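**Q** Predicted coordinates and the sequence they were generated for:
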Amino acid sequence: MPENRCLQGIWSSPWIFIFAAGGSAVGLGNIWKFPYVLGENGGGAFLMVYCLCLLAVGLPVLIAEVSLGRTVRSNPIDTVNDLSERNLLHSRWVIVPWLAGITGFLILTFYSVISGWSMAYLERAVAGQFAGLDQSSAQSMFDTLLSSPGEMLFWHSLFMFLVILTVGQSVTRGLSTLVRILLPALIIILLFLASYSMLVGNAAEAIDFLFRWSWQDLTFDVVLAAVGHALFSLSVGMGAMFAYGAYMSKRMSIARACAIVVGVDLLVALLAGLVIFPLVFAFQIDVEAGPSLTFVSLPIILGALPAGPFVGAIFFLLLVIAALTSAISMLELFVAWMHEKYYIGRLQAATMLGGAVWFIGIAVLMSFADWDSKLIFGLNGFELLDKFTTLIMLPVVAILLSVLVAWALPRDMLQKELITQQVNHFQWWHNVLKYISIPVMVLITVAGWIGV
Ligand code: PFF
């Protein structure tokens, strides 16, 4: 299909796809979620399985999503409908993009609340409030935020307002300028913080915890958490990468672009681990503290730095931007669909969807404010949404999407997307997806559910 058939633009340079997809992948998942999921799942065992999952599951599924997007150059829902009208796919497959869009939508309801925390911490950093913090004062700073629903609501609302404004523009326009500086800047500041943290913290214990392999730590729960987090962190299984693939230039090799995105995503997560864990062990913070881990340990190091308020402000500003570039990709699927199918303006579509996310987000932030309010299975609102999306929806959508691409779709449809003049990536990718990624995802997901 010629490039000018794309409804909403093509990235202005092939590299912009990498920045945009990297901007979607790198976010709170790397800096806030990765350290605490790793902490809760035994450290080195989780890291090792996580790296394997990125290679065996994350990368092939990412390639599948992006290739499908670039082949059809439309939003995922219309694509499946169109293919079924042409008798290339059964119409039932339309459930996949719908589930993907719903997953992204649900994730955004809590993602926005945590992004709001990052904005609140940006304000505290600018005000110089991190100076001289120790473990207990950092913990009480975090507890104060959690017990202030009004403040959380303010930041959550501001964040959603920014998401709506950005996603309301054409993504190819709204993102290009932002992402070009974001990723390099984030990596540089993390490198700097990691070096400092290893210098002042307990580097030996942190490295031991992060990289020590132990068979005893390896359970199905750990493996399920690793698969779920690999999908979450790469933003696959939510249609976000499908939507971005639709704007990708034909000049770029999909396999190479996706491999770079996976590499950058892992690098940022590892750097975040190297910032957080030396402090966690030096200040005897509980590694299993959960969602508070990053927000309690980071201010300690930022407060100890000579140029703390400045570095802290830059760091949290970058974190907020990284969260924003991830958040907008969660709404992109439905916004593009409403725009292309019903000719609703992007801003109007983003306002309707974002308004609904904002509303549900209030329930999430209340579950933090009143931490004891357990709803079902002893989980509060946030835990319920997080576990439901990461451990159930994401693997299910990723499995269905992979089966659709690997088995249901005519093989030659995608073949040409993965064969460039230099290399033929198609065969290995197709085989890995069919015979490794899908069986591994099915096995792990089912075993994790039944608690083997
Ligand atoms: N990958 C993002 C992160 O690690 O923060 C989270 C994310 C983005 C999830 C986009 C889902 C999505 F559609």
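**A** Great, that's in hand.
**Q** Can the helix or strand hosting residue 155 be said to contact the ligand?
**A** In the assignment (DSSP states H and E), residue 155 maps to helix 149-168. No. Judged by C-beta under 6 Å from any ligand atom, helix 149-168 stays clear of the ligand, getting no closer than 11.5 Å. For the C-beta atoms, the positions are set from N, CA and C on the backbone; glycine is no exception.
**Q** Packing partners of the next helix or strand after that helix?
**A** Once helix 149-168 ends, the next helix or strand along the chain (criterion: DSSP H and E) is helix 171-200. If contacts are counted by 3 or more C-beta pairs under 8 Å, 6 or more residues apart in numbering; DSSP states H and E, helix 171-200 sits against helix 14-25, helix 149-168, helix 254-282, helix 293-304, helix 308-342.
**Q** So the nearest residue to residue 83 once chain neighbours are set aside: helix, strand or coil?
**A** Excluding the flanking residues, the one nearest residue 83 by C-beta to C-beta, 6 or more residues apart in numbering is residue 89, at 4.1 Å. Here residue 89 is recorded as coil under DSSP: H, G, I helix; E, B strand; the rest coil.
**Q** Can you pull the phi/psi pair for residue 89?
**A** With angles defined as degrees, to the nearest 10, residue 89 sits at phi -150, psi 150.
**Q** And for whichever residue of the chain sits closest to the ligand, the neighbour number?
**A** Using C-beta to the nearest ligand atom, the single residue of the chain nearest to the ligand is residue 29, 2.1 Å away. Look at residue 29: counted by other C-beta atoms under 10 Å, it has 28 neighbours.
**Q** Confirm that residue 286 sits in a strand.
**A** No. Judged by three-state DSSP, residue 286 forms no part of a strand; its state is coil.
**Q** any weak-confidence spans in the stretch 51-200 of the chain?
**A** Counting by pLDDT under 70, the stretch 51-200 of the chain contains low-confidence ranges at 170-177.
**Q** Could you tell me which residues of it lie near the ligand?
**A** Within the stretch 51-200 of the chain, the positions adjacent to the ligand are 104, 107 by C-beta under 6 Å from any ligand atom.
**Q** Hmm, residue 317 is touching residue 123, no?
**A** No. The pair residue 317 / residue 123 is not scored as a contact, 10.7 Å apart, by C-beta atoms under 8 Å.
**Q** okay, the two: which has more neighbours?
**A** Ranked by neighbour count (other C-beta under 10 Å), residue 317 and residue 123 place residue 317 first, with 17 against 13.
**Q** Check which helix or strand the residue nearest to the more buried one when sequence neighbours are not counted maps to.
**A** The shortest distance from residue 317 to any non-neighbouring residue, by C-beta to C-beta, 6+ apart, is to residue 122 (5.8 Å). If you go by DSSP H and E, residue 122 is part of helix 95-126.
**Q** hmm, who's touching the next helix-or-strand element following that helix?
**A** Next helix or strand after helix 95-126 toward the C-terminus (DSSP H and E): helix 135-146. With contact meaning C-beta atoms under 8 Å, 6 or more residues apart in numbering, helix 135-146 is reached by 117, 120, 124, 129, 133, 151-152, 283-285, 292, 295-297, 299-300, 303, 368-369, 371.
**Q** In terms of helices and strands, where is the residue lying closest to the residue of the chain closest to the ligand once chain neighbours are set aside?
**A** In space, and not counting its chain neighbours, residue 29 is closest to residue 233: 4.4 Å by C-beta to C-beta, 6+ apart. In the assignment (DSSP H and E), residue 233 maps to helix 220-234.
**Q** ok, now residue 84?
**A** Per DSSP H and E, residue 84 falls inside helix 76-85.
**Q** Can you point out the buried residues in that helix?
**A** For helix 76-85, the neighbour count (16 or more other C-beta atoms under 10 Å) marks 76, 77, 78, 79, 80, 81, 83 as buried.
**Q** do the same with stretch 288-298
**A** So stretch 288-298, judged by 16+ other C-beta under 10 Å, has buried residues 289, 291, 292, 293, 294, 295, 296, 297, 298.
**Q** surely the residue of the chain closest to the ligand meets residue 323?
**A** No. At 9.4 Å, residue 29 and residue 323 do not qualify as touching, with contact defined as C-beta under 8 Å.
**Q** what about the closest residue to residue 442 other than its chain neighbours, neighbour count?
**A** Spatially, and ignoring its direct neighbours in sequence, residue 442 is nearest to residue 399 (6.0 Å; C-beta to C-beta, 6+ apart). Here the number of neighbours of residue 399 (other C-beta under 10 Å) works out to 22.
**Q** next one: the one 3 residues further on
**A** Around residue 402 there are 24 other residues, counting by other C-beta under 10 Å.
**Q** which residues sit in contact with the residue of the chain closest to the ligand?
**A** Applying C-beta under 8 Å, 6+ apart, the residues contacting residue 29 are 229, 232, 233, 269, 326.
**Q** Just the pLDDT for it.
**A** On pLDDT, residue 29 comes in at 95.
**Q** And residue 380, by the same measure?
**A** Per-residue confidence at residue 380 stands at 78 (pLDDT).
**Q** where does residue 236 land in three-state SS?
**A** Assigned with three-state DSSP, residue 236 falls in the coil class.
**Q** Look up how far residue 290 lies from it.
**A** Noted for residue 236: a distance of 24 Å to residue 290, by C-beta to C-beta, to the nearest Å.
**Q** Ok, residue 381 next?
**A** Using C-beta to C-beta, residue 381 is found at 15 Å from residue 290.
**Q** quick one, phi/psi of residue 251?
**A** The phi/psi pair for residue 251 (degrees, to the nearest 10) is phi -70, psi -10.
**Q** Count the residues that sit near it.
**A** Residues lying near residue 251 (other C-beta under 10 Å) number 9.
**Q** ditto for residue 352
**A** Residue neighbour count, defined by other C-beta under 10 Å, stands at 14 for residue 352.
**Q** tell me the contacts of it?
**A** So, once contact is read as C-beta under 8 Å, 6+ apart, residue 352 ends up touching residue 338.
**Q** Is it located within a helix, as I assumed?
**A** Yes. Membership of residue 352 in a helix is supported by three-state DSSP.
**Q** ok, it to residue 344 distance?
**A** 8 Å.
**Q** Mutual contacts of the two, please.
**A** Residues touching both residue 352 and residue 344 (C-beta under 8 Å, 6+ apart): residue 338.
**Q** can you count the residues close to residue 435?
**A** There are 11 residues near residue 435, going by other C-beta under 10 Å.
**Q** That should have said residue 307, apologies.
**A** Neighbourhood size, residue 307 [other C-beta under 10 Å]: 10.
**Q** What's the separation between it and residue 126?
**A** Per C-beta to C-beta, residue 307 is found 13 Å from residue 126.
**Q** cool, residue 40 as well?
**A** To residue 126, residue 40 is 31 Å away according to C-beta to C-beta.
**Q** Export the strand or helix carrying residue 394 to PDB, keeping only CA atoms.
**A** Assigned by DSSP H and E, residue 394 belongs to helix 394-403. The C-alpha trace of helix 394-403 is given here as PDB (Å, rounded to 0.1, in the frame of the first residue of the first chain):
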ATOM      1  CA  LEU A 394      -2.000  -8.900  28.700                       C
ATOM      2  CA  PRO A 395      -0.900 -12.500  28.300                       C
ATOM      3  CA  VAL A 396      -4.300 -13.400  26.900                       C
ATOM      4  CA  VAL A 397      -4.300 -10.600  24.300                       C
ATOM      5  CA  ALA A 398      -0.700 -11.300  23.400                       C
ATOM      6  CA  ILE A 399      -1.500 -15.000  22.900                       C
ATOM      7  CA  LEU A 400      -4.500 -14.300  20.800                       C
ATOM      8  CA  LEU A 401      -2.600 -11.700  18.800                       C
ATOM      9  CA  SER A 402       0.200 -14.000  18.100                       C
ATOM     10  CA  VAL A 403      -2.100 -16.800  17.100                       C
END
